[in-house]
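>>> need coordinates for the following:
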Amino acid sequence: MTKSSDATPSAEDAAKPHDAAVQRALVEAQEEILVFLRQRLRNHDEAEEVLQRFSLRVLERAGQLRDVQTVRGWFGRILATTIVDHQRAQARRHRREAAADSIDIDALPADPDAEIDATVCNCLYRLLPTLKAEYADVIWRADILGEPRDRLAASLGTSLNNVTVRLHRGRKALRMRLEEMCRTCSTHGFLDCRCDEMPLGTDGPVVKTKPVRPPARSRRARKDDA
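Take a look at the predicted model:
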């Protein structure tokens, strides 16, 4: 007679290695995400709070991740919605404190764009905070969260033209950072990053090449952005 101990492992037991991989990736990414949140929110306490909520959501939803090799993009989607939820809570709090509030919380995007999985990658976490704060802010809000430029301009107290200029300069500066430092995106394309396909715990394939210097015009442009 076959013993019950020889039965097929339960779904819970089968999910344990999967959960462990998610937990390991979360530990590896937390410091980088915290740096990004501090830059994005400009408040250390809020950054810590959002990171805690994000980490809790990741652990609670670990079973929803179908492929652990895409964990970075999955993190990006959860992080984006966590930030939006935080912004909505802040806006409601401000409404209670003041009758007039310039933020239309109902118009904020409820979910990240479908391309968030391809855009928010480990490279972006590392490099976006290296830009000027005003550039990093508009790139995150306009390009990743999909906030309309006119509302972005109103919330920043500046003109639509100013926001457009910041986006142009910020994207240019970010592209240069990627070309200089990222070992994967510059090969596969900046909106088709293959970082998620790399084994967990690595930053991508190690390519032994000499650093490529940008052309003279790009160096001058970078000096202007500094």
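>>> grab the longest helix from the protein for me.
The helix spanning the most residues in the chain, taking DSSP state H as the definition, is helix 11-41.
>>> which residue packs closest to residue 44, ignoring adjacent ones?
Taking CB to CB, 6 or more residues apart in numbering, and ignoring the residues beside it in sequence, residue 44 has residue 38 as its nearest neighbour in space, at 5.8 Å. Placement of C-beta: from N, CA and C, glycine included.
>>> the one you found: what's it in contact with?
When the contact criterion is CB atoms under 8 Å, 6 or more residues apart in numbering, the partners of residue 38 are 44, 47, 129.
>>> in CSV, list the C-alpha atoms belonging to stretch 79-96.
Below are the C-alpha coordinates for stretch 79-96, written out as CSV (Å, rounded to 0.1, in the frame of the first residue of the first chain):
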residue,chain,number,x,y,z
LEU,A,79,5.4,50.2,-6.8
ALA,A,80,3.5,52.5,-9.2
THR,A,81,0.1,51.7,-7.8
THR,A,82,1.4,52.0,-4.2
ILE,A,83,2.7,55.5,-5.0
VAL,A,84,-0.6,56.5,-6.6
ASP,A,85,-2.5,55.2,-3.6
HIS,A,86,-0.2,57.3,-1.4
GLN,A,87,-0.8,60.4,-3.5
ARG,A,88,-4.5,59.9,-3.3
ALA,A,89,-4.4,59.5,0.5
GLN,A,90,-2.3,62.7,0.7
ALA,A,91,-4.7,64.6,-1.5
ARG,A,92,-7.7,63.5,0.7
ARG,A,93,-5.8,64.6,3.8
HIS,A,94,-5.1,68.0,2.2
ARG,A,95,-8.8,68.4,1.3
ARG,A,96,-9.8,67.9,4.8
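>>> tell me which residues in it are buried?
Of the residues in stretch 79-96, those buried by neighbour count under the rule 16 or more other CB atoms under 10 Å are 79-87, 91.
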